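A.B. asks: A predicted structure for the sequence below; I have some questions about it.
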Amino acid sequence: MKKLFFTALVLISTLSGMAQKNNYMTFRGEIANKNSDAIFITDGRNKLIKKIQISSEGVFKDTLNVVPGRYSLSDGNEFTIVYLKNGFDLTLKMDTKMFDESIIYTGKGALENNFLAKNSLFEEQTDMGSLLAATEVDFLKGLDKKKVDDLKRLENTKLDPVFIDLQKKSIDDNYNGIVRYYKMNYEANLAKSKLVNTMSPSFNYDNYAGGKTKLEDFKGKYVYIDVWATWCGPCRAEIPFLKKTEEKYKGKNISFVSISVDVQKDVEKWKALIKDKELGGVQLFADNDWNSQFIKDYGINSIPRFILIDPTGKIVSADAARPSSAELQVQLDALLN
């Protein structure tokens with residue numbers, strides 16, 4: 001009887017210990033080229049859940065007590081979505097110079113979080129600018145296809161059922177949010193189309209190569225303008241495609257101009273990224289970030305934004321196709337060949 005009692009006591013103690021162990025998760029990682037001395041975990045309402053210190057070597061480790069769900073992980077400069085759940089023992093490895101492209105998870109919870117990391121890359125490939133500029137019929141057709149593709153990636157996986165349900169809800173919320181945004185911006189899209197064949201607003205901005213550069217300096221050439229910022233993930237995702245486009249049309253009657261809307265205090269960060277990424281084309285820094293007159297004249301409220309201007313200074317497209325879109329190559333081939 002005594003033996004049975006102690007056996008039961010040990011079992012209860014073990015189960016109690018297991019329960020306590022599952023009341024938290026462990027999160028550790030190694031961040032190359034860290035932007036700050038901490039990472040921040042926030043919930044869907046942007047409430048801070050945990051601030052985790054990063055060592056001088058870029059290493060961090062902490063525990064969290066969380067409700068299973070999607071959270072935002074930020075280094076103060078960029079962010080990514082993570083799935084956290086008590087019982088996880090999750091390890092992150094990341095290089096901030098590439099951010100989303102470099103994220104790799106290992107350990108318990110890695111399956112769901114690697115899915116999210118890959119999913120963010122799929123999101124960056126979506127030409128949302130062209131989709132939002134389309135007619136309502138084409139917009140809904142394209143958005144419906146995106147939703148089907150998003151849901152299809154969840155099929156035939158060993159993902160946590162709770163995660164799958166949360167991801168499906170996120171897909172629905174995202175779909176409905178984009179539809180609302182489209183309807184709110186329909187008039188703005190109409191305004192963009194009315195800009196076609198009108199003279200483009202001008203600019204006169206600081207050039208990375210030195211001095212100032214204005215739109216009139218490119219008279220006689222087509223001008224493909226990329227409005228971007230160093231902190232913008234989708235903007236940076238276009239960089240490899242923009243480089244290939246510049247190379248393809250090298251020697252043709254077109255200039256490639258990139259205009260940064262970074263705030264003035266980040267001008268050195270802008271210069272460092274240009275050097276680090278070996279960016280080509282003409283690199284300009286807008287004089288008053290989002291409030292720069294050129295940006296306001298085009299009604300730009302989201303980036304990346306691409307603009308195509310003809311050799312006379314008239315607007316071909318106030319919301320041109322992205323470098324990653326096959327549509328751009330078709331258009332440029334028709335104009336330049």
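C.D. replies: That came through, no problem. Numbering: from 1, shown residues only.
A.B. asks: okay, helices next: where are they in this protein?
C.D. replies: Ranges of helices within the chain are 2-21, 110-125, 128-133, 136-152, 161-184, 186-195, 233-237, 239-248, 267-277, 293-297, 326-336, based on DSSP state H.
A.B. asks: what sits up against the second one?
C.D. replies: Outside helix 110-125, the residues that touch it by Cβ atoms under 8 Å, 6 or more residues apart in numbering are 70, 80-83, 90-92, 100-101, 103-105, 149-150, 153, 157-160, 163, 233-234, 237, 324. The C-beta positions use only the backbone N, C-alpha and C, and glycine is treated the same way.
A.B. asks: do the fifth one as well
C.D. replies: Judged by Cβ under 8 Å, 6+ apart, the contacts made with helix 161-184 from elsewhere in the structure are 68-70, 83, 85, 112, 128, 132, 136, 139-140, 143, 146-147, 150-151, 154, 157, 159, 189.
A.B. asks: from one end of stretch 122-139 to the other, what's the distance?
C.D. replies: 18 Å (Cα to Cα, to the nearest Å).
A.B. asks: rewinding a little: got JSON lines for the helices of the chain, with distance to Asn204, mean pLDDT and mean neighbour count too?
C.D. replies: Output for those, formatted as JSON lines (distance: least, Cβ to Cβ, whole Å; pLDDT from 0 to 100; neighbours: other Cβ atoms under 10 Å):
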{"stretch": "helix 2-21", "distance to Asn204": "63", "mean pLDDT": "38", "mean neighbour count": "9"}
{"stretch": "helix 110-125", "distance to Asn204": "32", "mean pLDDT": "91", "mean neighbour count": "17"}
{"stretch": "helix 128-133", "distance to Asn204": "25", "mean pLDDT": "82", "mean neighbour count": "19"}
{"stretch": "helix 136-152", "distance to Asn204": "35", "mean pLDDT": "93", "mean neighbour count": "14"}
{"stretch": "helix 161-184", "distance to Asn204": "32", "mean pLDDT": "92", "mean neighbour count": "14"}
{"stretch": "helix 186-195", "distance to Asn204": "20", "mean pLDDT": "70", "mean neighbour count": "14"}
{"stretch": "helix 233-237", "distance to Asn204": "22", "mean pLDDT": "91", "mean neighbour count": "21"}
{"stretch": "helix 239-248", "distance to Asn204": "23", "mean pLDDT": "95", "mean neighbour count": "16"}
{"stretch": "helix 267-277", "distance to Asn204": "16", "mean pLDDT": "94", "mean neighbour count": "15"}
{"stretch": "helix 293-297", "distance to Asn204": "9", "mean pLDDT": "93", "mean neighbour count": "17"}
{"stretch": "helix 326-336", "distance to Asn204": "26", "mean pLDDT": "92", "mean neighbour count": "14"}
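A.B. asks: residues in contact with the residue nearest the centre of the chain?
C.D. replies: For the chain, the residue nearest the mean C-alpha position is Gly233 (3.3 Å; Cα atoms, centre = their mean). Contacts here follow Cβ under 8 Å, 6+ apart; on that basis Gly233 touches Glu78, Phe99, Asp100, Ser120, Glu124.
A.B. asks: ok, now how distant is it from Val59?
C.D. replies: Separation of Gly233 from Val59 (Cβ to Cβ, to the nearest Å): 24 Å.
A.B. asks: thinking again about what came up before, list only buried entries from the contacts of helix 110-125.
C.D. replies: 70, 80-83, 90-92, 100-101, 103, 105, 150, 159-160, 163, 233-234, 237, 324 (16 or more other Cβ atoms under 10 Å).
A.B. asks: in strands only, show me the residues you listed.
C.D. replies: Arg70, Thr80, Ile81, Val82, Tyr83, Leu90, Thr91, Leu92, Tyr105 (DSSP state E).
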